[in-house]
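>>> Build me a model from this:
(one chain, ligands or ions: 1)
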Amino acid sequence: MSYKRILLKISGEALYNGGEKYDEKVFIDICNTLKNIRKENTEVAVVCGGGNIFRGKEISSTFQIEQTTGDYMGMLATVMNGLALQSFFNSHGLPSVAYSSFPITNILDHYTKRSALSSLKEGKVVILTGGVGSPFFTTDTGAALRALELDIECILMGKNGVEGVMDKDPRVNKDAKFIKKITYHQVLKDDLKVMDMTAISLLKDSSVEIRVFNMKDISNAYSIIKGEDIGTHIVNN
Ligand code: UDP
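As a prediction, the model looks like this:
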């Protein structure tokens with residue numbers, strides 16, 4: 001199976017690998033994997049999170065900063081990650097362009113569906129920062145929204161420390177079982193932790209698929225594009 005257009009969701013956490021804000025090896029691995037995916041003629045969008053730098057809720061609960069401000073800081077963090085990825089990819093032979101969902105035009109072009117589609121068709125990796133552009137959302141919801149807008153066939157969702165979706169939280173339940181294939185409705189019904197529920201609700205009546213895989217080996221994303229049955233497959237029905 002080869003997809004025409006995919007979206008890779010990278011959490012901020014995945015970029016730092018437990019050390020500094022960025023781990024060079026992670027950047028190299030992501031870049032090489034995306035190069036391989038592009039060689040298959042699959043168009044690639046990337047939505048990056050910002051959790052390695054700021055998460056609105058965490059800041060507002062530890063400091064006396066209202067959540068709206070914390071979320072703005074989080075959105076700016078996603079821009080920082082997008083800038084880093086754009087620059088790294090371009091200097092490593094992977095043509096890329098980053099867009100921001102809110103105006104910050106000295107630094108990045110403002111996202112429009114038209115400009116993103118045109119860059120995808122030119123063969124560039126399109127990095128989408130700023131989530132949906134409003135507080136009280138997450139970049140998971142940003143990924144779902146952009147997937148719908150940009151006719152993405154499949155969201156590749158890298159997770160840390162798990163092979164895919166589990167029926168219970170494996171950190172507290174030793175008997176948690178891996179799920180190979182599941183529908184959006186079941187994910188919502190069982191409150192499974194895949195993406196936030198706003199994102200799943202947006203996708204539940206669409207034809208967009210999600211493939212959840214272990215981000216520890218980002219080349220899994222390429223194997224999925226090549227048709228390997230890795231991780232969990234989430235579908236409409
Ligand atoms: N954020 C937001 N609106 C959005 C996307 C993100 O307010 O549409 C803020 C929010 O504070 C969030 C932070 O940006 O915690 C970082 O995004 P996210 O938590 O999704 O990053 P990830 O966990 O994927 O690294």
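
>>> The ligand contacts on this protein?
Taking C-beta under 6 Å from any ligand atom as the contact definition, the chain meets the ligand at 11-13, 49-51, 55-56, 70-71, 74-75, 77-78, 131-132, 134-135, 137-140, 142. In short, each C-beta sits where N, CA and C put it, glycine included.

>>> what does stretch 56-67 rub up against?
The contact list for stretch 56-67, computed with C-beta atoms under 8 Å, 6 or more residues apart in numbering, reads 68, 69, 70, 71, 72, 73, 74, 135, 136.

>>> Off-centre distance for the worst-scoring helix or strand of the chain on mean pLDDT?
Lowest mean confidence among the helices and strands of the chain (mean pLDDT, DSSP states H and E): helix 56-62, at a mean of 84. Taking C-alpha atoms, centre = their mean, to the nearest Å, one finds the center of helix 56-62 at 22 Å from the center of the full chain.

>>> next one: stretch 40-47
Relative to the chain's own centre, stretch 40-47 is displaced by 12 Å; criterion: C-alpha atoms, centre = their mean.

>>> Can I get that stretch in CSV, CA atoms only?
Output of stretch 40-47 as CSV, limited to C-alpha atoms (Å, rounded to 0.1, in the frame of the first residue of the first chain):
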residue,chain,number,x,y,z
GLU,A,40,8.0,6.7,-2.8
ASN,A,41,6.3,9.8,-4.2
THR,A,42,4.2,10.2,-1.1
GLU,A,43,3.6,13.8,-0.2
VAL,A,44,4.4,14.6,3.4
ALA,A,45,3.0,17.1,5.9
VAL,A,46,4.4,17.2,9.5
VAL,A,47,2.6,18.6,12.5
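
>>> Give the buried residues for that stretch.
By neighbour count on 16 or more other C-beta atoms under 10 Å, the buried set for stretch 40-47 is 42, 43, 44, 45, 46, 47.

>>> Let me see the mean pLDDT of the helix or strand hosting the fourth one.
In the assignment (DSSP states H and E), residue 45 maps to strand 43-48. For strand 43-48, the mean per-residue pLDDT is 98.

>>> same deal with stretch 178-191?
Stretch 178-191 carries an average pLDDT of 95.

>>> need the next SSE after the biggest helix by length in the chain, C-terminal direction.
Under DSSP state H, the helix in the chain containing the largest number of residues is helix 67-91. Scanning forward in sequence from helix 67-91 by DSSP H and E, the next helix or strand is strand 96-100.
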